[in-house]
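1. from the sequence below, what's the structure:
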Amino acid sequence: MAEQRRIRVAVVFGGRSSEHEISCVTAGSVLSAMDTERYEIVPVGITRDGDWVLASAEPDRLAITDGRLPEVTDEGAPGASLALPFTSDPGLLMVRPEQVPQTIGQVDVVLPLLHGPFGEDGTIQGLLEMMGARYAGAGVFASAASMDKVFMKVLFAGHGLKVGPYVAVTDRGWRRERKRILDDIAELGGVVFVKPARAGSSIGISKVTDAADADAVTAAIEAAREHDPKVIVEAGIAGREIECGVLESLDGGAPDVSVPAEIHVADEFDFYDFEAKYLSSSSTLTIPADLSTDVAERIRGLAAEAFDAVGCEGLARVDFFYGDDGEVYVNEINTLPGFTPQSAFPQMWAASGLDYPALVDRLIQTGLRRSPGLR
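-> Here you go, the predicted structure:
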């Protein structure tokens with residue numbers, strides 16, 4: 001009896017965004033959880049310069065070590081750079097050495113673990129669809145819309161979901177109508193958070209305690225513009241930070257939603273910034289969140305609505321503010337949330353009965369079930 005062929009999974013990580021290192025950490029965790037008897041792993045790293053290389057499959061090389069964040073480089077790569085041929089042979093990868101290109105075989109499904117621009121924003125999803133490759137996670141539009149915090153909120157509001165007050169700052173607007181924008185931001189009143197519109201992991205975010213302080217707001221906008229020419233300024237909402245994990249259904253039905261979690265930011269941090277998320281152990285999660293049954297179910301229902309509102313697939317984490325006014329505000333949807341075992345998304349699913357290896361397996365399986373091309 002012939003031995004059954006393993007499923008070939010290309011795990012793609014790194015990338016050109018400011019979240020390069022976090023993508024590497026995510027990949028290391030996923031690689032360590034994949035069943036190598038079931039899956040043949042093809043680890044594909046993308047350097048900061050955008051070069052695709054056949055990378056190491058050793059998870060330890062992609063871990064945070066003594067505060068040092070990992071990255072993808074050309075040095076020490078076990079293979080040469082990779083070429084992605086646009087042929088009728090879906091999912092094909094080729095090694096491109098000094099001499100004649102050689103194929104390394106067809107890939108059954110791609111697992112893109114790229115955080116931020118040039119990965120989580122629909123760009124790699126479009127490339128994979130042009131190649132005819134199956135891939136896990138959200139499609140082109142859902143990825144792009146969810147990455148852009150402004151359009152994300154427009155979609156949420158259009159579906160009747162409550163969002164907090166905000167001001168969008170485009171590159172053109174900032175150069176031509178700065179005074180009007182600062183006046184609009186001042187009307188938000190009180191504390192505001194200034195964010196790159198298309199970045200994640202709290203990179204480039206500033207907290208300004210007075211929206212009317214034009215100098216402080218200007219400095220915060222310029223800091224955010226170092227990461228993205230488009231910026232969003234959100235009014236601070238007094239309340240609790242709640243999150244839910246969402247997974248695409250395996251049977252085509254409504255998405256599955258985890259138990260909610262509550263973020264408790266340590267006193268040493270002004271807000272849940274990059275250091276609080278990834279480099280400190282003092283911020284904590286309560287899973288499940290200490291909420292009444294009615295409020296918890298209300299939030300879980302809104303998480304499923306947010307997932308459907310942007311046409312998401314695969315997985316997402318939906319972030320809320322449960323306001324002191326009793327309202328539930330949808331803040332963001334993240335189509336590739338932090339995915340290490342210590343991250344909120346896997347922890348919420350573990351508390352809901354789905355452990356980390358099973359979570360990785362489910363993501364791959366939903367990608368395999370997807371037909372290439374438009375859907």
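2. mind listing what the spatially most central residue of the chain touches?
-> A centroid search over the chain (C-alpha atoms, centre = their mean) returns residue 336, at 2.8 Å, as the residue closest to the centre. Residue 336 is in contact with 26, 112-115, 119-120, 137-138, 315, counting by C-beta atoms under 8 Å, 6 or more residues apart in numbering. C-betas here are computed from N, CA, C, even on glycine.
3. which of the residues you listed sits closest to residue 13?
-> residue 113 (4.6 Å; C-beta to C-beta).
4. and the gap between the closest one and residue 46?
-> 10 Å (C-beta to C-beta, to the nearest Å).
5. list residues touching both of the two?
-> With C-beta under 8 Å, 6+ apart as the test, residue 113 and residue 46 both reach 12-13.
6. re the thing from before, which ones among the contacts of residue 336 are found in helices?
-> When DSSP state H defines the helices, the subset of the contacts of residue 336 inside them is residue 26.
7. take the contacts of residue 336 and keep only those in strands.
-> 112, 315 (DSSP state E).
8. thinking again about what came up before, who has more neighbours, residue 113 and residue 46?
-> A count of neighbours by other C-beta atoms under 10 Å puts residue 113 above the other of residue 113 and residue 46, at 28 against 25.
9. wait, that one touches residue 23, no?
-> Yes. Judged on C-beta atoms under 8 Å, residue 113 makes contact with residue 23 at a distance of 5.7 Å.
10. mind listing the shared neighbours of those two?
-> residue 13.
11. near the nearest residue to residue 257 once chain neighbours are set aside, how many other residues are there?
-> Nearest residue to residue 257, sequence neighbours excluded (C-beta to C-beta, 6 or more residues apart in numbering): residue 300, at 4.4 Å. Neighbour count of residue 300, defined by other C-beta under 10 Å: 19.
12. same thing with residue 353?
-> Counted with other C-beta under 10 Å, residue 353 comes out at 9.
13. phi and psi next, for it.
-> Torsion angles at residue 353 (phi, psi; degrees, to the nearest 10) stand at phi 100, psi 10.
14. gap between it and residue 178?
-> Note on residue 353: its distance to residue 178, by C-beta to C-beta, is 51 Å.
15. pull out the buried residues from stretch 305-323.
-> 305-307, 309-322 (16 or more other C-beta atoms under 10 Å).
16. among those residues, which lie within helices?
-> 305-307, 309.
17. before we move on, the earlier item: for the residue nearest to the centre of the chain, helix, strand, or coil?
-> Under DSSP: H, G, I helix; E, B strand; the rest coil, the three-state class of residue 336 is coil.
18. what strand or helix carries residue 156?
-> Per DSSP states H and E, residue 156 falls inside helix 149-158.
19. report the buried residues of that helix.
-> Result for helix 149-158 [16+ other C-beta under 10 Å]: buried residues 149-153, 155-156.
20. so which of the residues you listed is the closest to residue 7?
-> The closest of the buried residues of helix 149-158, once distances to residue 7 are taken by C-beta to C-beta, is residue 152, at 32.8 Å.
21. picking that back up, how confident was the prediction at the residue nearest to residue 257?
-> We have a pLDDT of 98 for residue 300.
22. go on, residue 20?
-> Residue 20 is given a pLDDT of 89.
23. out of the ones in helices among the buried residues of stretch 305-323, flag the one nearest to residue 129.
-> Using C-beta to C-beta, residue 307 is the member of those that sits closest to residue 129, with 20.5 Å.
24. wouldn't that closest one be in contact with residue 314 here?
-> No. Residue 307 is beyond contact range of residue 314, at 9.9 Å (criterion: C-beta under 8 Å).
25. could you count how many residues lie near residue 38?
-> Residue 38 has 12 nearby residues by other C-beta under 10 Å.
26. related to what we said a few turns ago, quick one: the residue nearest to the centre of the chain from residue 13, how far?
-> In terms of C-beta to C-beta, residue 336 sits 11 Å off from residue 13.
27. what touches both of the two?
-> Here residue 336 and residue 13 share the contacting residues 26, 113-114, scored by C-beta under 8 Å, 6+ apart.
28. now pLDDT too, for these, in TSV please.
-> Shown next, in TSV, are the shared contacts of residue 336 and residue 13 (pLDDT from 0 to 100):
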residue	pLDDT
26	91
113	95
114	93
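29. re earlier: which strands or helices does the following helix or strand past the helix holding residue 156 pack on?
-> Downstream of helix 149-158, the next assigned helix or strand under DSSP H and E is strand 166-169. Using 3 or more C-beta pairs under 8 Å, 6 or more residues apart in numbering; DSSP states H and E, the elements in contact with strand 166-169 are helix 149-158, helix 178-186, strand 231-235.
30. quick check: residue 359 touching residue 347?
-> No. In this structure, residue 359 is not within contact of residue 347 by C-beta under 8 Å, at 10.3 Å.
31. many thanks, we can stop here.
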